[in-house]
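J.: The following block contains a protein sequence and its predicted model.
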Amino acid sequence: MATYLEFIQQNEERDGVRFSWNVWPSSRLEATRMVVPLACLLTPLKERLDLPPVQYEPVLCSRPTCKAVLNPLCQVDYRAKLWACNFCFQRNQFPPAYAGISEVNQPAELMPQFSTIEYIVQRGQQTPLIFLYVVDTCLEEEDLQALKESLQMSLSLLPADALVGLITFGRMVQVHELSCEGISKSYVFRGTKDLTAKQIQDMLGLSRPAVPIQQGRPLQTPEQPVISSRFLQPVHKIDMNLTDLLGELQRDPWPVTQGKPLRSTGVALSIAVGLLEGTFPNTGARIMLFTGGPPTQGPGMVVGDELKTPIRSWHDIEKDNARFMKKATKHYEALANRTTANGHCIDIYACALDQTGLLEMKCCANLTGGHMVMGDSFNTSLFKQTFQRVFNKGFNGEFRMAFGASLDVKTSRELKIAGAIGPCISLNAKGPCVSENELGIGGTSQWKICSLDPSTTLAVYFEVVNQHNAPIPQGGRGAVQFVTQYQHSSTQKRIRVTTIARNWADAQSQLQHIEAAFDQEAAAVLMARLGVYRAESEEGPDVLRWLDRQLIRL
Amino acid sequence: FSLLLPQTLPYLVDHGESGPIRCNRCKAYMCPFMQFIEGGRRFQCCFCSCVTEVPPHYFQHLDHTGKRVDFYDRPELSLGSYEFLATVDYCKNNKFPSPPAFIFMIDVSYNAVKSGLVRLICEELKSLLDYLPREGNMEESAIRVGFVTYNKVLHFYNVKSSLAQPQMMVVSDVADMFVPLLDGFLVNVNESRTVIVSLLDQIPEMFADTRETETVFAPVIQAGLEALKAAECAGKLFIFHTSLPIAEAPGKLKNRDDKKLINTDKEKTLFQPQTSFYNNLAKDCVAQGCCVDLYLFPNQYLDVATLGVVTYQTGGSIYKYAYFQLETDQDRFLNDLRRDVQKEVGFDAVMRVRTSTGIRATDFFGAFYMSNTTDVEMAGLDCDKTITVEFKHDDKLSEDSGALLQCALLYTSCAGQRRLRIHNLSLNCCTQLADLYRNCETDTLINYLAKYAYRGVLSSPVKTVRDALINQCAQILACYRKNCASPSSAGQLILPECMKLLPVYLNCVLKSDVLQPGLEVTTDDRAYIRQLVTSMDVAETNVFFYPRLLPLTKADVDSDSLPAAIRNSEERLSKGDIYLLENGLNIFIWVGVNVQQGLIQNLFGVSSFGIGYLAFQSTLPVLENSFSKKVRSIIDMLQAQRSRYMKLIIVKQEDKLEMLFKHFLVEDKSLSGGASYVDFLCHMHKEIRQLLS
């Protein structure tokens, strides 16, 4: 047997999963004594060169509360064409398509090397990717020029059928119509007025006769044609137009009367969110915000436009002296929540020497899985190359990004899910395997990740619930299954299923096993995440103290 | 009564940095009636008698008659009208104004596009922009231009010269209007010519397939106002509008036309604006110097009374083309537009009338806004706007000194120069009533009475207004009879020489569409005429109320003179002649049934009128014969005299259209119940006798 180090590495290579403990303590009591919780780092879209996706639907466990996917750990009765779910022990009939299986003729998902497998499913309509640029025009000439060039360059990196849109903002917010000939047309909004999504859609002329939406899930109308929007057009159609338009972008022409230029970032984002909400809900879309300074007017304003009022400092925030902070944060949080509800994501590229109000806007990127890039100027290689990298392609020429993912975690009954930390939001899916104790975003077994790339990693925390007096038989294994449904960058809908199992060990008798299987790197990351998560809601010193204590106890 | 025609070309006087010389107390401006005393070191004000030091730089010696030696060199000492160059103290915010701007705001809703109006306006603007008013010797006009189109939303255009193509910016937030751009909206015509032309080419194309029928109105004015505010200048909006603004927006109107209200106490509401929103908007416009000219092309009721409020209070003009049709109305509209764009204009004007002791200016009539009782404020004014001022005695006037009036008008010229125009008038006073009656002017009196009555309909029922008018005239005439006329039998009607036409003119005022509407007169027409008359001068009211009727067949084809006008009565028309009638808005050509074939051939180029020929004819064909030439030259001459291009209507005797024509034969009994001249004269006589007995 190879060392644990190799084992861990191999596991990560194959499944994109790293556990803090690779041999699990078999009872709750013992687990709590270990201090570092049983948890794992999951990289749902771990790039796998050797993983060809299969072109059929996964087979699910028939128990409604379980619905685990058929996996190599299941016991299969080839003669009776039955399989037993390894999570709930339900016995299931194979579907008719599996009639020909036998020990020698196994479907891929039953082979041990396919503990991670990817399915391509033909479900729902396929909409092209959407990129909505939201560009600040209150920049220095040099910066704006650099940004314009970067944006123009980015057009050539997009897939030809991707939809692009452009919103510029300064004192006003302009939504550009991209399909016009001869005259460039844009819809203009005042930067100080907060509009509801309905108002925005009305004003942009996007309102359609109301379709009754049933509670919970939107109506599935597969033959519904792709709504052609004037503001979002396929790249190949308007490549030239948009390049010219970007080229003609001027600095915000409004005179700066006193101090800072008026920047209506809040309204611009709100319009971007509203626009996508009205046109392409529940499909992969990226709002890319490029800003060169703090929002100075309207909802979401972070600092007043007078020069004499400097942007809030750390000191102000601690003393509760940051006038606009609460309101602004609330505005951006509301926006972020709407965005996640639609499965879109927001990237923030903020380049300025001073602060840009990322603190208030952070939830936009955090909750939606967007990128957040901070630089000194758009005219630096830092920004240029980072931006280029966003559009990097993977080994098979596909974008390294995916959208609208939902992660479903299933556990065997000795384990419960305590929570997750990462760029995700809870889907509030309660179930028998959800723990009452929360670590991170808990109380659910499903999370939504609006945007992810091959390196997006979530920390998932578990709780061992097995009681001390009900020992697990020697050689018993606990299993966890991660089911990630997502929209691939090629617009296909895919499901990736990763099923892993680890041995149980009695902490008293086999402590050395457990110790040896401790992954200190993973544990450090997991603890760090917990620490940061706590820091958001608690006072700084308290968190530090907690971290210290944990370390010592360990 | 004093009538002021602001835009002739007076001398411009510059008194240097300290500004025009004025009386210390009443602030009257230097004028020929100021008395210089103490060897020219001081002057005594002719209005308030206060003595003011002459500033050193203005000092001049007096000659033996007490006149200054430079009397004839200085317009302000020798002329009745002249202009001062104002200093920075006379400017808003103590800042010299920037050159004004013209903003063209075009309705692009379905109606406007379908009738071909949008295309027509855009075509015309291309050439018209070369003729913007400019100051005397300037190379090019200082006026900047901007363009907006609108239906339910507004479209602004960026026509900055550096752009390859114009940019359109849509503002759909009509509830809270703002201007989306600053740089590139108002531009110099020559610099941005290619972009503007390309824009005007594209506007008709862009909206060619529009299905939008609803329009907004108040946000359009607000947008113009905001644009001028942002550019910190005064200016004029040219709004081309087609329908009642029913789209959801501030200033939204509903159709409230109701003919049943006529002759009831509620009739006055038809002349009042629906909401006070427009009054407030007008106030804001005046404060910014934003004048609104309104071109209306209605196919149905669009509430001129409300839409016109802003235009009226900002000193703008309304032009109305009901049932606009490209073929027939194109010439009229384009001529009006050309004249309107090209005419000399002033902006952001304030007028004050000062008088010598004994009389006082008490009331003003015209298109303007007043925030207090003395200052007449106008966002814009031009040569077609007249203000009637009512003066009242408040003390004794002496025969020696007479009465002095000074009207000072502060305005911004079209090049952005701040100026003061001063008009002075010295009137003699008399002690004898007979002298008074001998020196009165009936035309002016009618102008005043008409304006007074037309304002009255806003607040009282039309019947009350009519009775008041009759009563007032009866008083005037009875007073003459009692105090001046030589004794004669009671049954005899005696009128002063200067007022012998008062009854006939007054009857015309009483019969006018505003005060006595016929069935075919729309509410909009009445509101339109009411506002029109309010800014008319004497010549215009004269011909408007008593149209000019010329026998064309009697015209001397060899001379330039007009044929002698005849009285407006059907009895005067002969079946064998052709007549022309004009009232400042329309020209009628009436053709008798027995007119010789040859004349018709000569004038119209056809041997006889086919069915429908007349209705579609808005111009006379150009024919090479002396009669045709003469008639056309008469029409051209009349058109040139009037501030608006008149609509030509050809009427054949015993034709359906003749009803319309007969409406203007004001001495006859009218269909709407207006009395004939003879009947009215009898009625008047009765009133006078009642007053006397």
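T.: Now that the structure is in, tell me what you want to look at. Remember, it's a predicted structure, so these values are computed and weren't measured experimentally.
J.: for stretch B:82-91, which positions count as buried?
T.: Buried residues in stretch B:82-91, counted by 16 or more other CB atoms under 10 Å in any protein chain shown: B:Tyr82, B:Glu83, B:Phe84, B:Leu85, B:Ala86, B:Thr87, B:Tyr90. Every C-beta, even on glycine, is put in place using the N, C-alpha and C of the backbone.
J.: Actually, stretch A:466-485.
T.: In terms of neighbour count (16+ other CB under 10 Å), stretch A:466-485 has its buried residues at A:Asn466, A:Ile472, A:Gly476, A:Gly478, A:Ala479, A:Val480, A:Gln481, A:Phe482, A:Val483, A:Thr484, A:Gln485.
J.: would JSON lines of those residues with pLDDT be doable?
T.: Formatted as JSON lines, those follow (pLDDT from 0 to 100):
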{"residue": "A:Asn466", "pLDDT": "77"}
{"residue": "A:Ile472", "pLDDT": "70"}
{"residue": "A:Gly476", "pLDDT": "74"}
{"residue": "A:Gly478", "pLDDT": "83"}
{"residue": "A:Ala479", "pLDDT": "86"}
{"residue": "A:Val480", "pLDDT": "87"}
{"residue": "A:Gln481", "pLDDT": "89"}
{"residue": "A:Phe482", "pLDDT": "89"}
{"residue": "A:Val483", "pLDDT": "89"}
{"residue": "A:Thr484", "pLDDT": "88"}
{"residue": "A:Gln485", "pLDDT": "87"}
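J.: what sits against A:Thr116?
T.: When contacts are counted by CB atoms under 8 Å, 6 or more residues apart in numbering or on different chains, A:Thr116 touches A:Arg14, A:Asp15, A:Gly16, A:Lys46, A:Arg48, A:Leu51, A:Arg496, A:Val497, A:Thr498, A:Thr499.
J.: What residues are bridge-paired with it?
T.: Using DSSP bridges, the beta-bridge partners of A:Thr116 come out as A:Thr498.
J.: Quick check: it vs chain B, distance?
T.: Plainly put, A:Thr116 is 50 Å away from chain B if you go by CB to the nearest CB, to the nearest Å.
J.: cool, A:Trp314 as well?
T.: 36 Å.
J.: Angles on the backbone of that residue, please.
T.: Phi and psi for A:Trp314, reported as degrees, to the nearest 10, are phi -60, psi -40.
J.: can you count the residues close to it?
T.: Other residues within reach of A:Trp314, judged by other CB atoms under 10 Å in any protein chain shown, total 9.
J.: so B:Asp668 touches B:Arg572, yeah?
T.: No: because the distance of 9.9 Å does not satisfy CB atoms under 8 Å, B:Asp668 is recorded as not touching B:Arg572.
J.: Looking at those two, which one has more neighbours?
T.: Between B:Asp668 and B:Arg572, counting by other CB under 10 Å, B:Asp668 is the more crowded of the two (20 against 15).
J.: Would you mind listing where the stretch 401-550 of chain B has pLDDT under the threshold?
T.: The stretch 401-550 of chain B contains no residues with pLDDT under 70.
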